[in-house]
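Engineer: pasting the structure only:
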């Protein structure tokens, strides 16, 4: 069996400008041996991408609302890879990175039905600034979960980030915008995300909370870390 430990990647913790509430749990790490790096089954993909709006199963101890949306993921090199579609086009693979803005490659940007809203320089993808364009996606869909009229960045991401060998190249990053729309429950053991609509998330009663403060660009942001039992982590935005 693989080792156990904190399941949220370290670079997420280091880039905590999201002001998220992190509900940590000791769980099987994504590097553990076993099926964690295997692709999801056809049934899982259909469940996530068919748009049928499947809901998370409820139980007596489950605090997630029935309206929650379940999306499978695969773990690759300590990263979460999910499938998302842009403006109704076939889904492409993306990294989930809660510390970044949603960013797509120039190739994936061909799926967008919008012109550029401007240019900027961006950091975070190596030692140099990268030129990027700002565009608005009419719709970003992760299965039944939809983010509409979302501004995102188009940039030439380094090959070491997007190349997956024999697998399709990454189309970019799904970033902090997802946390503004949903509370995201990450279940590493079962390799699935549960997207919980605003106002429907309740932290498990058996946990305990540790208040946190982070300061980004002279702005202080509040967060809390609620430690609970289980096999994953819950992420949500906790204010300005």
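Structural biologist: Now that the structure is in, tell me what you want to look at. Everything quoted here is computed from the prediction, not taken from an experiment.
Engineer: Could you use CA atoms for every contact and neighbour count after this?
Structural biologist: Fine.
Engineer: Where does the residue nearest to residue 116 when sequence neighbours are not counted fall, secondary structure wise?
Structural biologist: Using Cα to Cα, 6 or more residues apart in numbering and skipping the chain neighbours, the partner closest in space to residue 116 is residue 135 (4.8 Å). Assigned by DSSP states H and E, residue 135 belongs to strand 130-142.
Engineer: Which strands or helices does the next helix or strand after that strand pack on?
Structural biologist: The helix or strand immediately downstream of strand 130-142 is strand 145-155, counting by DSSP H and E. Packing partners of strand 145-155 (3 or more Cα pairs under 8 Å, 6 or more residues apart in numbering; DSSP states H and E): strand 103-104, strand 130-142.
Engineer: lowest-confidence stretch among those?
Structural biologist: Per-stretch mean pLDDT for the helices and strands packed on strand 145-155 is lowest at strand 130-142 (a mean of 88).
Engineer: Buried residues of it, list them for me.
Structural biologist: 130, 132, 133, 134, 135, 136, 137, 138, 139, 140, 141, 142 (16 or more other Cα atoms under 10 Å).
Engineer: now swap in stretch 150-159 and tell me
Structural biologist: Quick answer for stretch 150-159 (16+ other Cα under 10 Å): 151, 152, 153, 154, 155, 156, 157.
Engineer: Tell me who's in contact with residue 193.
Structural biologist: Residues in contact with residue 193 (Cα atoms under 8 Å, 6 or more residues apart in numbering) are 70, 71, 72, 73, 184, 185, 186, 187.
Engineer: mind checking which helix or strand it is in?
Structural biologist: strand 192-196.
Engineer: hang on, the earlier thing: mind listing the strands the strand holding residue 135 pairs with, and their directions?
Structural biologist: strand 79-86 (antiparallel), strand 116-122 (antiparallel), strand 145-155 (antiparallel) (DSSP bridges).
Engineer: So what touches the last one?
Structural biologist: I take that to be strand 145-155. Counting by Cα under 8 Å, 6+ apart, 53, 69, 101-106, 109, 130-141, 178, 181, 195 sit against strand 145-155.
Engineer: try it again with 6 Å
Structural biologist: 102-106, 132-140 (Cα atoms under 6 Å, 6 or more residues apart in numbering).
Engineer: Going along the chain, name the helices of the protein.
Structural biologist: 10-14, 42-49, 159-162, 177-181 (DSSP state H).
Engineer: Among the ones you listed, show the one with the smallest mean pLDDT.
Structural biologist: helix 10-14 (a mean of 35).
Engineer: Residue 204 versus residue 184, what's the distance?
Structural biologist: Residue 184 sits 14 Å away from residue 204, going by Cα to Cα, to the nearest Å.
Engineer: Which one of the two is surrounded by more residues?
Structural biologist: Set side by side, residue 184 and residue 204 show more neighbours around residue 184, with 24 against 16, by other Cα atoms under 10 Å.
Engineer: Local confidence estimate at that one?
Structural biologist: 87.
Engineer: what about residue 165, neighbour count?
Structural biologist: Quick note: residue 165 (other Cα under 10 Å) scores 7 neighbours.
Engineer: same thing with residue 191?
Structural biologist: With other Cα under 10 Å as criterion, residue 191 counts 21.
Engineer: What of the one 4 residues further on?
Structural biologist: Neighbours of residue 195 under the rule other Cα under 10 Å: 29.
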